[in-house]
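>>> compute the structure for the input listed below.
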Amino acid sequence: MAIMITDECINCGACEPECPNNAIYEGGAEWTYADGTSLKGLITTLNGEDVQADDHFDPKDMDVYYIVTDKCTECVGFHDEPQCAAVCPVDCCVDDPEFRESEDELLAKKDFMHL
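The predicted structure follows:
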């Protein structure tokens with residue numbers, strides 16, 4: 001499953017630099033697949049959508065930091081636990097019940113982003 005940031009976020013930003021996939025963005029910031037990954041040019045996402053890796057997408061949240069589900073691997077393949085949750089001072093980085101993924105799926109996502 002992916003991690004999500006709840007609205008209890010105090011916008012401290014501690015989580016953002018800890019993410020090995022650059023899946024965490026400040027509220028209101030646009031995101032791209034290319035940010036912090038090796039993805040370039042035209043890519044086919046794991047859900048079959050063709051996009052440019054550096055296309056800008058709308059923020060998932062305007063007020064607090066947010067995690068892009070398509071880039072979150074729960075730090076699988078990098079660390080033993082999600083680093084955002086480990087450093088969050090208010091415990092607002094939690095499992096997202098809407099996005100359940102197996103370890104194999106998370107590793108495939110990591111491999112997709114980091115060739």
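>>> hang on, A86 in a helix?
Yes. Assessed with DSSP: H, G, I helix; E, B strand; the rest coil, A86 lies in a helix.
>>> surely it is in contact with C15?
No. Shown here, A86 and C15 do not form a contact pair, counting by Cβ atoms under 8 Å, at 9.1 Å. C-beta here means a position set from N, CA and C on the backbone, and glycine is covered the same way.
>>> more neighbours, those two?
C15 (24 against 14; other Cβ atoms under 10 Å).
>>> pretty sure the more buried one is in contact with C72, am I right?
No. C15 sits out of contact with C72 when judged by Cβ under 8 Å, with a separation of 11.3 Å.
>>> okay, strands next: where are they in this structure?
3-5, 24-25, 42-44, 50-52, 66-67, 93-95 (DSSP state E).
>>> could you dump the ones you listed into TSV with mean pLDDT, distance to M113 and mean neighbour count added?
Output for the strands of the chain, formatted as TSV (pLDDT from 0 to 100; distance: least, Cβ to Cβ, whole Å; neighbours: other Cβ atoms under 10 Å):
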stretch	mean pLDDT	distance to M113	mean neighbour count
strand 3-5	96	16	23
strand 24-25	98	14	24
strand 42-44	97	10	13
strand 50-52	97	13	12
strand 66-67	98	14	24
strand 93-95	96	19	18
